[in-house]
Structure formats: structure tokens, C-alpha cells
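Novice: I would like to see how this sequence folds:
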Amino acid sequence: MVPPAARIIVSDHPDKVRMLVLETDEPHPDTQKEKGSFGDILNELLREAGEAHSPALGIETAMQYIVEPEGGQIPKKEEITEDIHAILITGSEWDAHGDDEWIHKLMDLIKCAYTLES
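Specialist: Numbering: from 1, shown residues only. From the prediction side, this is the model:
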């Protein structure tokens, strides 16, 4: 499997939320062909919700596949900048309580992000 490249869906809306989606799996191939990655799917759902909001609100989504044994990469703490308003981590077949090194790195990143916001 070749992991999807990190990417950003930009919004030109003046009022927007910037979200980081950490992808830990991929959709079924048929779904992915039709709708894209989990980050793409979430961006579209939240874009529609933002348009329906009064006043309208844009969504800008940065996506990164993070399962390191499959070629993904956990972002470094300094890459989580102040202009990111939300972090969403997708579900996957991996065990969140597993002893995999990449899961421990992700937990450290979550703790760091939480500490910065507290």
C-alpha cells in the first residue's frame, strides 16, 4: 500500500475553521474511488454543514496519513500550528491500546496538543 500524500483542501471563505485530519486507515476501495480518503469525506461533510450554518463558515482541511508501518508519518509537535482549530483522528483496524511505536508517538502528540490548549 502506498499511503496518500499529505495534502490541504483550501477554503477562500473569510470565516473558516482549519482542521487537521490524521488518517489511520483508508476507506473501502470503491468508496475511495468515488469519495476519496476519510479526510476528503470529512471535509465535504463539514463544508456542507458550514455552508448551511448562519452565518456561513468555511472549512479548510489538512490531511495526513499517519500509520508509520504502512509508510505514513506522525506530524511533529511543531507542525501543529496555532492556526489549526481542530484535530480529528479517524478510526482504523489498529488497536489504540497497542504497543506499536507509532501509536505511542501519536499519544505523545495528542498529550502535547491537549497541554497546549489547556
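
Novice: list the buried residues for stretch 41-48?
Specialist: Ile41, Leu42, Asn43, Leu46, Arg47 (16 or more other CB atoms under 10 Å). The way it works is simple: take the backbone N, C-alpha and C, and place the C-beta from them, glycine included.

Novice: mind checking how far the fourth one is from Pro3?
Specialist: It refers to Leu46. 22 Å (CB to CB, to the nearest Å).

Novice: and for Leu57, nearest residue in space, chain neighbours not counted?
Specialist: If the residues on either side of it in the chain are set aside, Leu57 comes closest to Gly50, at 4.0 Å by CB to CB, 6 or more residues apart in numbering.

Novice: equivalent analysis for Pro27, please.
Specialist: Phe38 (6.1 Å).

Novice: pull the helix or strand with minimum mean pLDDT from this structure.
Specialist: Least confident helix or strand of the chain, by mean pLDDT, DSSP states H and E, is helix 101-117 with a mean of 86.
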